[in-house]
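> Could you work out the structure for the sequence below:
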Amino acid sequence: LTCTTVSGTQIDCSWSSTTGATSYQLQRNSTTVYDNTGTSYSNTGLSCGTSYSFQVRACNAGGCSGWKTGSTSTSACPPAAPSSMSCTSTETSATCSWTAVSGATSYNMYKQTSVTNGTISGIGTNSYTDSGLMGGSWYSYKVQSCNAGGCSGWGPTFSLYTPRYVSSLLCDKFTTGIACQFSKSTNNTYYVLERGSTVIYSGSNSPYIDYPSCGTSYTYRIKGCTATGCSSYTYSLPASCN
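Have a look, this model is predicted:
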């Protein structure tokens, strides 16, 4: 006799056939739940997290055999939902992580955009990177945890805008400095400007006027950012204040 947990409310039992038997009786916790000719039975409507004992016997017109006892089986309970989640993003991907849930064996993620939605199933860890996204676009995520007992409700929702790549940057001499003007995009909340490899400005105003030492050629590059991350940098643009 073999009994296997299928879900929080179902345990399936099966047994080998016996020569001469015309029927079989299966008991769950000493109560007969099956009396028929088959060699398997699905116990449904059970309570999750509860232990059940099973025994089976073969019968014919001459009577029934002794009981064959199977191991006690416990139906699983669905795990709790993740209590928190956070995401970071680039212009083409979002990486989300959430609190690991005790008893969970996998997670499902529900993804929503301004035009579509769908579920990413069977995630084996408490983080996931969603790739192939579009810069400057809105995305929303939430996660549920699952095991053999089923799945939890959905955890908290996290929404974000992916940053958009800065399409143009122009840096040129301005009086005794260098003025850098850049294109601004909807949903980017600030921009990070570098001279060489040093950040010289983080904000949203364009143009930005830099006052380095003259007589030297410099390179500038910029990236657009949102609350959850930044795009890649633009190409490096040479400029001087000579």
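> ok, now how distant is the residue positioned nearest the centre of the chain from residue 206?
The chain has residue 109 as the residue nearest its centroid, 4.2 Å off, counting by CA atoms, centre = their mean. Distance of residue 109 to residue 206, computed by CB to CB, to the nearest Å: 37 Å. Every C-beta, even on glycine, is put in place using the N, C-alpha and C of the backbone.
> about what we covered before: check whether the residue nearest to the centre of the chain really touches residue 142, as I assumed.
Yes. The criterion here is CB atoms under 8 Å, and residue 109 meets it with residue 142 at 7.3 Å.
> Bridged to the residue nearest to the centre of the chain, which residues?
Per DSSP bridges, the residues bridged to residue 109 are residue 120, residue 143.
> which one is residue 93 nearest to, not counting chain neighbours?
Leaving aside its chain neighbours, residue 93 sits nearest to residue 131 (4.5 Å; criterion: CB to CB, 6 or more residues apart in numbering).
> Name the residues that touch the helix or strand bottoming out on mean pLDDT in the chain?
Least confident element among the helices and strands of the chain, by mean pLDDT, DSSP states H and E: strand 73-74 (a mean of 73). Contacts to strand 73-74, defined as CB atoms under 8 Å, 6 or more residues apart in numbering, come from residues 3-5, 11, 49-52, 54.
> Just the buried ones from these, in PyMOL syntax?
The buried residues among the contacts of strand 73-74 can be selected in PyMOL (16 or more other CB atoms under 10 Å) with this line:
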select buried, resi 3+5+11+52+54
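> closest to residue 175 among the contacts of strand 73-74?
Of all the contacts of strand 73-74, residue 49 has the smallest distance to residue 175: 75.1 Å, by CB to CB.
> Tell me how far that closest one lies from residue 149.
Residue 49 sits 8 Å away from residue 149, going by CB to CB.
> what ranges do the helices span in this structure?
For the chain, helices defined by DSSP state H do not occur.
> Pull the number of nearby residues for the nearest residue to residue 61 once chain neighbours are set aside.
Using CB to CB, 6+ apart and skipping the chain neighbours, the partner closest in space to residue 61 is residue 22 (7.1 Å). Burial of residue 22 is recorded as 11 neighbouring residues (other CB atoms under 10 Å).
> How about residue 132?
6.
> Any idea how far the least confident helix or strand of the chain is from the middle of the chain?
Taking CA atoms, centre = their mean, to the nearest Å, one finds the center of strand 73-74 at 29 Å from the center of the full chain.
> ok, now stretch 129-149?
Taking CA atoms, centre = their mean, one finds stretch 129-149 lying 5 Å from the centre of the chain it belongs to.
> now swap in stretch 9-17 and tell me
The answer for stretch 9-17 is 34 Å, by CA atoms, centre = their mean.
> ok, and for that stretch, which residues are buried?
9-15.
> so where's the protein shaky on pLDDT?
Along the chain, the parts satisfying pLDDT under 70 run over 75.
> Tell me the spacing between the residue of it most remote from its centre and residue 20.
The C-alpha centroid of the chain is most remote from residue 62, which lies 58.7 Å away (CA atoms, centre = their mean). Residue 62 is 9 Å from residue 20, where distance means CB to CB.
> pretty sure the residue nearest to residue 93 is in contact with residue 90, am I right?
No. The criterion here is CB under 8 Å, and residue 131 misses it with residue 90 at 9.3 Å.
> which of these two has more neighbours?
Counted by other CB under 10 Å, residue 131 and residue 90 do not tie: residue 90 has more neighbours, with 20 against 9.
> Contact partners for that one?
With contact set as CB under 8 Å, 6+ apart, residue 90 has these partners: 162-163, 229-232.
> one step back: okay, and the common contacts of residue 109 and residue 142?
Taking CB under 8 Å, 6+ apart as the contact rule, residue 109 and residue 142 have no neighbour in common.
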